[in-house]
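In: pasted the sequence and its predicted model underneath.
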Amino acid sequence: MKRFAISALTLAVLTGCASTSDLEATRRQIDQVNQQASNRIAEVENKLSNDKLLDLVNQVDALKAEIAKLRGENEVINYTLQTTQKRQNDLYADLDARLARFENGAASAPVASAPPANTSVAQTAPDFDKAMKLLRSQNFADAVPALQRFIAQNPDSPQAIEATYWLGAAHAGLRQYDSAIDIHRRFVEQHPDDPRAPDALRSIGLCQRALSQNDIAKGTFRRLIKLYPKSTAAQKAREMLKTM
């Protein structure tokens with residue numbers, strides 16, 4: 001009986017030892033699996049980070065290209081704006097010179113001027129340039145139909161508004177004051193923010209004065225001063241009112 005008890009105890013000890021070894025082996029396997037999983041996760045995270053970084057780099061490159069394109073377009077717009085402003089300044093300078101002669105009593109002088117010959121603008125329509133050349137040569141009789149055709153054929157052209165203004169000027173040059181008044185009045189109503197609007201109003205007043213409508217002309221000059229108080233046309237209107 002005693003020997004049986006000792007054998008049983010020995011077997012139990014051996015069995016216990018085997019279970020502990022298996023447990024340790026299992027734990028090592030689990031650690032290996034965890035380590036492999038951690039390594040794999042790290043690889044995936046690293047790949048995702050690289051992909052995101054590459055995507056961000058591509059986005060930055062695309063933005064740089066877009067910015068460069070916008071800068072180029074902005075430079076073109078600025079150049080066009082500067083050229084247009086210079087052209088308009090030259091046009092108004094010539095217009096003022098001719099209006100001054102009219103204001104001083106030279107009734108035979110045209111109310112509106114033709115644009116100077118050296119104020120060409122790139123990318124203007126050929127028909128528009130042709131009409132403007134007629135104005136520059138003071139051929140108002142041919143300029144009127146040329147401008148009318150251009151406006152009818154190109155209503156959405158960037159030069160259509162300008163052509164409308166100069167159409168009124170051409171009528172004034174022909175002393176067709178009623179037509180000039182009507183065109184410039186509609187011009188001011190439709191394009192009140194156009195830089196030519198003050199001059200259009202001033203032209204209306206001068207045409208009314210040429211028609212001996214002095215009281216109406218005074219009202220036009222006062223309206224010009226009220227709507228565009230800081231404009232050069234308003235300053236000239238103030239001077240004109242002093243003499244009327």
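Out: On my side now, so go ahead.

In: for the nearest residue to residue 177 once chain neighbours are set aside, pull up the helix or strand it's in.
Out: Once flanking residues are discounted, residue 177 sits nearest to residue 207: 4.0 Å by CB to CB, 6 or more residues apart in numbering. Any C-beta I mention is one placed from the backbone N, CA and C, and that applies to glycine too. According to DSSP states H and E, residue 207 maps onto helix 197-210.

In: using PDB, write out every CA atom in that helix.
Out: What follows is helix 197-210, C-alpha atoms only, in PDB (Å, rounded to 0.1, in the frame of the first residue of the first chain):
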ATOM      1  CA  ALA A 197     -20.400 106.900 -67.400                       C
ATOM      2  CA  PRO A 198     -19.400 110.400 -66.000                       C
ATOM      3  CA  ASP A 199     -18.200 111.500 -69.500                       C
ATOM      4  CA  ALA A 200     -21.300 110.200 -71.100                       C
ATOM      5  CA  LEU A 201     -23.400 112.300 -68.700                       C
ATOM      6  CA  ARG A 202     -21.200 115.300 -69.400                       C
ATOM      7  CA  SER A 203     -21.600 114.700 -73.200                       C
ATOM      8  CA  ILE A 204     -25.400 114.700 -72.600                       C
ATOM      9  CA  GLY A 205     -25.200 118.100 -70.900                       C
ATOM     10  CA  LEU A 206     -23.100 119.500 -73.700                       C
ATOM     11  CA  CYS A 207     -25.500 118.200 -76.400                       C
ATOM     12  CA  GLN A 208     -28.400 119.700 -74.500                       C
ATOM     13  CA  ARG A 209     -26.600 123.000 -74.300                       C
ATOM     14  CA  ALA A 210     -25.900 122.900 -78.000                       C
END
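
In: name the helices or strands packed onto that helix?
Out: Using 3 or more CB pairs under 8 Å, 6 or more residues apart in numbering; DSSP states H and E, the elements in contact with helix 197-210 are helix 2-103, helix 160-173, helix 177-190, helix 214-227, helix 232-243.

In: re the thing from before, ok, the residue nearest to residue 177 - contacts?
Out: Counting by CB atoms under 8 Å, 6 or more residues apart in numbering, residue 207 touches 111, 172, 177-178, 180-181, 184.

In: same thing but 7 Å
Out: Residues near residue 207 by CB atoms under 7 Å, 6 or more residues apart in numbering: 111, 172, 177, 180-181.

In: state the distance from it to residue 46.
Out: Separation of residue 207 from residue 46 (CB to CB, to the nearest Å) stands at 80 Å.

In: tell me which helix or strand comes right after the helix or strand of the chain with the lowest mean pLDDT.
Out: Least confident helix or strand, the chain: helix 2-103 with a mean of 64, by mean pLDDT, DSSP states H and E. Remark: after helix 2-103, the chain's next helix or strand is helix 126-136, criterion DSSP H and E.

In: mind listing what's buried in that next one?
Out: Neighbour counts over helix 126-136 (16 or more other CB atoms under 10 Å) mark 127-128, 131-136 as buried.
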